[in-house]
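> Sequence and computational prediction follow.
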Amino acid sequence: MTSLSKTPNFPMNAWYAAAYDVDVKRALLARTICNKKLVLYRQTDGTPVALEDACWHRLLPLSMGRLEGDTVVCGYHGLVFNSSGRCIEMPSQETLNPSACVRSYPVVEKHRLIWIWLGEASKADPATIPDFHWNEDPSWAGDGETIHAKCDYRLVVDNLMDLTHETFVHVTSLHQSEQAESPFEVTYDDKFVTISRWMHNVDAPPFWAVQLRKHNGWTGKVDRWQIIRFEAPCTVTIDVGVAPVGTGAREGDRSQGVNGYVLNTITPETDTTSHYIWAFCRNYRINEQSITQQFRQGVRSVFREDEMVVEAQQRAILDHPDREFYNLNIDAGALWARRFIDRMIQMETAIHSTVIPIRVAN
Amino acid sequence: MTSLSKTPNFPMNAWYAAAYDVDVKRALLARTICNKKLVLYRQTDGTPVALEDACWHRLLPLSMGRLEGDTVVCGYHGLVFNSSGRCIEMPSQETLNPSACVRSYPVVEKHRLIWIWLGEASKADPATIPDFHWNEDPSWAGDGETIHAKCDYRLVVDNLMDLTHETFVHVTSLHQSEQAESPFEVTYDDKFVTISRWMHNVDAPPFWAVQLRKHNGWTGKVDRWQIIRFEAPCTVTIDVGVAPVGTGAREGDRSQGVNGYVLNTITPETDTTSHYIWAFCRNYRINEQSITQQFRQGVRSVFREDEMVVEAQQRAILDHPDREFYNLNIDAGALWARRFIDRMIQMETAIHSTVIPIRVAN
Amino acid sequence: MTSLSKTPNFPMNAWYAAAYDVDVKRALLARTICNKKLVLYRQTDGTPVALEDACWHRLLPLSMGRLEGDTVVCGYHGLVFNSSGRCIEMPSQETLNPSACVRSYPVVEKHRLIWIWLGEASKADPATIPDFHWNEDPSWAGDGETIHAKCDYRLVVDNLMDLTHETFVHVTSLHQSEQAESPFEVTYDDKFVTISRWMHNVDAPPFWAVQLRKHNGWTGKVDRWQIIRFEAPCTVTIDVGVAPVGTGAREGDRSQGVNGYVLNTITPETDTTSHYIWAFCRNYRINEQSITQQFRQGVRSVFREDEMVVEAQQRAILDHPDREFYNLNIDAGALWARRFIDRMIQMETAIHSTVIPIRVAN
């Protein structure tokens, strides 16, 4: 899959969301992450485990075997592996080869997701897991899903880092002609790239107009915000909302408005496919479960429109291997995100090449 | 797709039929020709346009966008391209990068087809478009279709340049035992390779027997002709018909007979797939539309038999990369066609290698 | 398919079972064996024939043509090939090119199978065809099938050379906890590798318990045997059965027991697919055809479980090209089988490399 001679598409020393918590059960789940085939399961005490999904003996995927207590029994010859990947039983074998093991990876359950670290285990610090706290914060309500996107995870990041595309891709749902023309600001520090776009005194787009009207009856002009925050290599949280015009949202008082967070983390499956895990959380009408369901369906159909675009873009990249991307002002956020990703990859490959030059349209 | 290190399969400096006129509408049509991905459409005045099908910005196929007046709006970020491929609008961008464009290709509508030139535009002379005039000549009636053939276009040319195969492939429709044994004559000049086969005083094959009987009641022996004319790289017109024996058809008087033209032009899609565009025209009973329909269906089913053969041949070529074709006397026409094609390719690749030697069975 | 630069996966100088006798008829059967595309048929006198499945002229598979007497007529231009592969008729060609032929391969019908030799014809000695006599011996009854297995034939050999996997793969049918723990003996001579496992005084597994009870009413403890005999490169016969405990089966008196032979020969189709031909024969209740049918269905469903495992193993090998197999004591039989295969391959490739070192777990 990934070739040694080219720059990797993703860093290995990073926490990646492997799955939603509910998707890892007392059962063997096969999942490929960063080109590595893994088997995920929970131990009897609920602790999640991730092992290499190929038996030490004859490579049969362990996910084709069975879970027995906290161990996995290979479905071919019955070798038994514990949750550290150590083989603790072999058929017709009295002494066990101490090297008989499969690789085990650090996993942490946090903010309703199972996070995995595939790189150097000594560097796996749970404190650096991306912040998804809205996903379980009691003052927020929300839900999400995992999408299998047939593209490089970075194309989804690009997509999220510029919401100008809403005008063209999401014509019926989020489209707002003011948006493509509104100024935005890109800032960054050591950890985050942030893009802020405020639209003052505009009509709310269809989705938000309904939210605000149901929330407090407001049907007039609004102030609208989109604050996109990227954390390398693949997490994007988007703070979105509208408030009645001039009620001070930009200055910090959002009490009159409605606010949502779109949480996105796009885990590379292979070089050209991804597990796109998202959630949409809101801080109003948080006990109305029908809204949660309605939003999940709504976001799903918006994201389906994005999927068609980024998957077509992936095919176009493969069809035009010599073509580069050109960049516009609107790509400033995506460009910074790519630089952060490249820097992570360069640091661990220790190839001190300069960042790939990117032509920017003027 | 095509590799630089091997001889190309087709010349680029040639007019290729991109589509039937009716298939290019006020809509975006994605079509690959000679390994190039294109988007075709008509402007408001009906003029056909062909652009490269990958946005300058981020490669999304323009065919996934929308037609707006005479321009194409990219479905991702809304870049607008005019019919020359020049980008005339970008989101949030005041000045436009003058290099922002996609390639535009010369297209000409002629004889009910849309022809495209993918090579050096300065050499695109509409006067050299192959002659398909029967397709719109009021003294002829006919119709045709586009077949997607999963093979190198040259296998279809080979197939058409030797009608001996009718005996074996088209057993029930066109088969005539005299045919495989009838002498034929191959001639060529600077432009055409012509193969003429006359069968004198023979029974008409089933298809032609019916035509002649309905035309003038004749049920006896006939003189039959097949005059195949090839124009490089991929156009083959076949003048076919029968006349009551001894009424002078060979000498030039076909007034007692029935005459058809099978028009074929086989446009490379990729190295191993083609758009095979054909028509069957006749100069008798030209106002009977049911005959036109019946013939279209009849030719379609005959060509389906050919498709199965040439597609199987393509798979066999891929399965036996080291095997060459051997040639028989019946392949003389195909051999000359291949030489004409090779000459065109050599002229534009400027690789003055000799023509690939071909072993001829004696 | 197969690459010249790597060690071949199979020897060419060997008899391979091409098909069951009933599958080769008065019709053209396309079949790929050892990466070679072949067409099989029977002559009017019933003699089976195997020719290269690509016409000398233009490579069309001859299997797309038609059988005429003892000859094959190509479905494109009508070239006629006799059963030696010699072209004896060409359209419009008075003299025939003497080199016009397709390769013909030695085939022998024996023990209800059609065997083919694809290597040096001078070395094809029918006396070396593997022994499948149970398949037509009147004191045995049985039947079998051909499975298309999407894996290297050697993975099926490995699977058959160690029946420990029955415990884990065939949990409901053949599972017996004593089995994985029973000692076995591996012996070999110039021709065969033999693995013998005797289980004394055990409960019969479900399948055999039913057989023995219906045979002579015995429901008590049994002596059980599995004697696996491998003949390179790909034939494995397994002598299996149970007898009432202590009635002398091991010493040679099986008269109180029930005995079956599982006959297996796994013909490489390509490097990663196989034609797995098997039969199950028994020497009791040989006239009860319903048992034959019931056994065929039973063995089929057991083998389906094996197929899932070996096909998954094949995919895992392709996914992990740098991983080796590790070996346990239970793999002793498979290891010897692999050495026999490697020796055959090395002898004919004349590359006197040493046998690939294999790590054995201690």
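In hand now; what should we look at? Since the model is a prediction, treat every value here as computed from it, not as a measurement.

> which is the next helix or strand following the lengthiest helix in chain A?
If you go by DSSP state H, chain A has its longest helix at helix A:289-319. Using DSSP states H and E, the helix or strand that follows helix A:289-319 towards the C-terminus is helix A:332-349.

> Tell me the buried residues in that next one?
A:332-342, A:344-346 (16 or more other C-beta atoms under 10 Å in any protein chain shown). Yep, even glycine has a C-beta here, placed from its N, CA and C like the rest.

> re earlier: what packs against the longest helix of chain A?
Under the contact definition 3 or more C-beta pairs under 8 Å, 6 or more residues apart in numbering or on different chains; DSSP states H and E, helix A:289-319 sits against strand A:141-149, helix A:153-161, helix A:166-169, strand A:273-282.

> would you say A:Val210 is within a strand?
No - counting by DSSP: H, G, I helix; E, B strand; the rest coil, one finds A:Val210 to be helix, located in no strand.

> In the stretch 151-300 of chain A, where is pLDDT below threshold?
Applying pLDDT under 70 to the stretch 151-300 of chain A picks out residues A:171-181.

> Now do the helices in the stretch 101-250 of chain A.
A:153-161, A:166-169, A:177-181, A:206-216 (DSSP state H, counting those that start in this stretch).

> any chance of these in TSV, plus mean neighbour count?
Listed next are the helices of the stretch 101-250 of chain A as TSV, based on neighbours: other C-beta atoms under 10 Å in any protein chain shown:
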stretch	mean neighbour count
helix A:153-161	24
helix A:166-169	22
helix A:177-181	16
helix A:206-216	17
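
> Beta-bridge partners for A:Val186, please?
Using DSSP bridges, the beta-bridge partners of A:Val186 come out as A:Ile195.

> show me what contacts it?
A:Val186 makes contact with A:Val193, A:Thr194, A:Ile195, A:Ala332, A:Gly333, A:Trp336, according to C-beta atoms under 8 Å, 6 or more residues apart in numbering or on different chains.

> gap between it and A:Gly333?
5 Å (C-beta to C-beta, to the nearest Å).

> which residues do those two both contact?
A:Val193, A:Ile195.

> Compute the number of surrounding residues for A:Val242.
29 (other C-beta atoms under 10 Å in any protein chain shown).

> Pull the contacting residues for it.
A:Val242 neighbours (C-beta under 8 Å, 6+ apart): A:Ala204, A:Trp208, A:Gln211, A:Leu212, A:Val222, A:Asp223, A:Arg224, A:Trp225, A:Ala249, A:Gly257, A:Val258.

> and chain B, which of the residues you listed contact it?
When these are checked against chain B using C-beta under 8 Å from any C-beta of the partner chain, none falls in range.

> what's the distance between the most centrally placed residue in chain A and A:Trp336?
Nearest to the mean C-alpha position of chain A, by C-alpha atoms, centre = their mean, lies A:Thr265 at 1.1 Å. For A:Thr265, the distance to A:Trp336 (C-beta to C-beta) stands at 18 Å.

> Remind me what the helix or strand harbouring the residue nearest to the centre of chain A packs against, helices and strands.
In the assignment (DSSP H and E), A:Thr265 maps to strand A:258-270. Contact here means 3+ C-beta pairs under 8 Å, 6+ apart; on that basis strand A:258-270 packs against strand A:15-20, strand A:29-33, strand A:141-149, helix A:153-161, helix A:206-216, strand A:235-244, strand A:273-282.

> Would you pull up how far the fourth one lies from the middle of the chain?
It refers to helix A:153-161. Centroid displacement of helix A:153-161 relative to its chain, using C-alpha atoms, centre = their mean, to the nearest Å, is 10 Å.

> could you check the angle strand A:141-149 makes with that helix?
Orientation of helix A:153-161 against strand A:141-149 (axes from the mean of the first three to the mean of the last three C-alpha atoms, to 10 degrees) gives an angle of 140 degrees.

> swap in the first one?
Using the same axes, to 10 degrees, the direction of strand A:15-20 lies 100 degrees away from that of strand A:141-149.

> Strand A:15-20 pairs with which strands?
strand A:113-117 (antiparallel).

> Run through the bridge partners of A:Thr146.
Beta-bridge partners, per DSSP bridges, of A:Thr146: A:Ile277.

> pLDDT and distance to A:Tyr153 for the buried residues of helix A:332-349 - can I get that in TSV?
Shown next, in TSV, are the buried residues of helix A:332-349 (pLDDT from 0 to 100; distance: C-beta to C-beta, whole Å):
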residue	pLDDT	distance to A:Tyr153
A:Ala332	93	20
A:Gly333	95	16
A:Ala334	96	13
A:Leu335	96	16
A:Trp336	96	16
A:Ala337	97	11
A:Arg338	97	12
A:Arg339	96	16
A:Phe340	97	13
A:Ile341	97	9
A:Asp342	96	14
A:Met344	96	13
A:Ile345	95	13
A:Gln346	93	18
